[in-house]
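# My questions are about this predicted structure, shown below with the sequence.
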2 protein chains.
Amino acid sequence: MRMPVAELLPVTDVTACCTPIANADAAITPQQAELVARTLKALADPARLRLLSMVAAHDGAEACVCDLTEPLGLSQPTVSHHLKVLVDAGFLTRSKRATWAYYRLVPGSLDAVAALLTSV
Amino acid sequence: MRMPVAELLPVTDVTACCTPIANADAAITPQQAELVARTLKALADPARLRLLSMVAAHDGAEACVCDLTEPLGLSQPTVSHHLKVLVDAGFLTRSKRATWAYYRLVPGSLDAVAALLTSV
DNA sequence: CACAAACATTGACAGACGTCGATGTTTGTC
DNA sequence: GACAAACATCGACGTCTGTCAATGTTTGTG
């Protein structure tokens, strides 16, 4: 009982399109993809994008929750939640003074994401 | 019955942090945020990031579904679903030849997103 | 120390999302 | 025209996510 030649030597069939993953190393790893996706997920929300923009546009490039709640049109807990997501993702920093929590942009964070995208 | 002065003339209390939205025009509009968020959502998934990378790394910068299903480790319907999301978002183009559907990157699409981010 | 203000956290709920199996559609082949 | 291959679509299911009301925590004030 002999094996067909095609199974011993998988020739590249010109009629087929499915080339056996030419250079699999060139693509990003699943771990890299997971990491980048997690960062992008933090940005992929209209409320959070507006928050980033509003913080950047605010005086001194910093703002507290009460500055953001009303113009955003969302409840205070929801705003706090979004801000936490942005802090955890490294886009904002939180500094508490008195009863207020001031948020400000992390300088190169957005540019770093932009650089990540061009490398994909 | 008189109104308190504070309600007639809301003075800017220096002890308070909540400045009345200094320059609301400087921030992005809700419509812009919605649009950018929709684009980022298409990217914010590890499987889709890997698909983009695999298409870019493939010979001729184009690949069909059967090229991508096995190395991605997901079922064919799921891969088709992700590819559709990427096409709808403008990151990939689909061209059908014979029974195969070839996907290729839209040249400047990723850079456009990167530019969007720096403008937020 | 009691009270109020700013903010975070919790619990709950509706809707969106990723995934798969099953099925439909198109194209080439015998 | 029957059949197979490549791919898309559909239906269903579990999980994640955005949102809010209620509550907890911390800080300043009288």
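Yep, that arrived.
# Tell me if I'm right that A:Phe91 and A:Leu52 touch.
Yes. At 6.3 Å, A:Phe91 counts as touching A:Leu52 under the criterion of Cβ atoms under 8 Å. Quick note: C-beta positions are derived from backbone N, CA and C, even for glycine.
# So for the most centrally placed residue in chain A, what's the pLDDT?
The centre of chain A sits closest to A:Leu40, judged by Cα atoms, centre = their mean, with a distance of 1.6 Å. What the model reports for A:Leu40 is a pLDDT of 98.
# now A:Ala61
Reading off the model, A:Ala61 has pLDDT 86.
# What is the neighbour count of it?
12 (other Cβ atoms under 10 Å in any protein chain shown).
# what distance separates the start and the end of stretch A:41-51?
End-to-end span of stretch A:41-51 (Cα to Cα, to the nearest Å): 15 Å.
# who touches that stretch?
A:52, A:68, A:72, A:74, A:78-79, A:82-83, A:85-86, A:88-89, A:91, A:113, B:27-28, B:30, B:33-34, B:36-37, B:40-41, B:43-44, B:117, B:120 (Cβ atoms under 8 Å, 6 or more residues apart in numbering or on different chains).
# close to DNA strand D, is that stretch?
Yes. Stretch A:41-51 reaches DNA strand D (Cβ under 7 Å from any atom of the strand) through A:41, A:44-45, A:47.
# Stretch A:63-75 now?
Yes. Stretch A:63-75 lies within reach of DNA strand D by Cβ under 7 Å from any atom of the strand, at A:74-75.
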